[in-house]
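Asks: Prediction below, plus the sequence it came from.
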Amino acid sequence: MTVLSRWDPFREFTTLQDRMNRLFRDSFGEGREEALTTAGFAPAVDVYEDDHNLTLKVEVPGIDEKDIDVRMENNVLTVHGERKFEKEEKEENYRRMERQYGSFTRSFTLPNTVDPEKVTANYEKGVLKITLAKKAEAKPKQIKVNVAGERALDAKGAGKAA
């Protein structure tokens with residue numbers, strides 16, 4: 001038995017409107033401040049390497065250095081911190097809030113070439129700079145290459161076959 005039903009083109013619009021209302025209510029409705037304080041975020045990190053060091057620069061503006069924890073264990077560097085929501089006594093009417101609040105954790109697996117005893121961390125102008133020194137045996141060494149068939153000079157400067 002086949003049942004015919006009347007097609008209502010606005011039924012799908014009503015469903016779409018309900019979904020959009022739920023999205024806005026969940027994103028911008030009551031309790032938004034609490035959601036901002038508990039939401040996590042991941043700060044941007046630049047990682048670069050030279051012959052002697054591996055360096056990480058972590059963007060953490062607005063975070064006190066006492067709220068940042070840097071640890072290294074089993075060749076894993078972990079940076080943990082928290083940006084606290086700044087709540088003032090007076091109520092403010094925010095039009096838009098884009099800064100992210102809450103805690104973050106970033107972990108990096110380090111190569112075996114890093115010396116765990118030579119790690120430094122500096123915090124300046126909202127940027128945490130972590131410098132990891134390389135082990136001496138990991139640093140590049142210059143090796144002179146001898147080419148067969150070159151003429152070597154003797155003590156008098158006269159050329160003789162190599």
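Replies: It's in.

Asks: gap between the spatially most central residue of the chain and Val127?
Replies: Of all residues in the chain, the one closest to the mean position by CA atoms, centre = their mean is Val45, 3.4 Å from it. Val45 sits 10 Å away from Val127, going by CB to CB, to the nearest Å. (C-beta placed from N, C-alpha, C; glycine too.)

Asks: If I look at Gly157, what pLDDT would I see?
Replies: Gly157 is assigned 54 on the pLDDT scale.

Asks: whoops, I mixed them up, Met97
Replies: We have a pLDDT of 68 for Met97.

Asks: about what we covered before: how about the residue nearest to the centre of the chain, nearest residue that isn't a chain neighbour?
Replies: Sequence neighbours aside, Val58 is the residue nearest to Val45 in space, at 5.1 Å (criterion: CB to CB, 6 or more residues apart in numbering).

Asks: Could you give the average pLDDT over the longest strand seen in the chain?
Replies: Ranked by residue count under DSSP state E, the longest strand found in the chain is strand 114-124. Averaging pLDDT along strand 114-124 yields 91.

Asks: Counting neighbours, which bits of it end up buried?
Replies: For strand 114-124, a neighbour-count test (16 or more other CB atoms under 10 Å) marks 114, 119, 121, 123 as buried.

Asks: what angle separates whatever helix or strand comes next after it from strand 114-124?
Replies: As assigned by DSSP states H and E, the chain's next helix or strand after strand 114-124 is strand 127-134. Note on geometry: by axes from the mean of the first three to the mean of the last three CA atoms, to 10 degrees, strand 127-134 and strand 114-124 are set 160 degrees apart in direction.

Asks: how far does strand 127-134 sit from the chain's center?
Replies: 13 Å (CA atoms, centre = their mean, to the nearest Å).

Asks: That strand packs against which elements?
Replies: The contact analysis (3 or more CB pairs under 8 Å, 6 or more residues apart in numbering; DSSP states H and E) places strand 127-134 against strand 53-59, strand 68-73, strand 76-83, strand 114-124.

Asks: Is it possible to get JSON lines of those strands that adds distance to Arg19?
Replies: JSON lines is the format used below for these (distance: least, CB to CB, whole Å):
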{"stretch": "strand 53-59", "distance to Arg19": "35"}
{"stretch": "strand 68-73", "distance to Arg19": "40"}
{"stretch": "strand 76-83", "distance to Arg19": "31"}
{"stretch": "strand 114-124", "distance to Arg19": "44"}
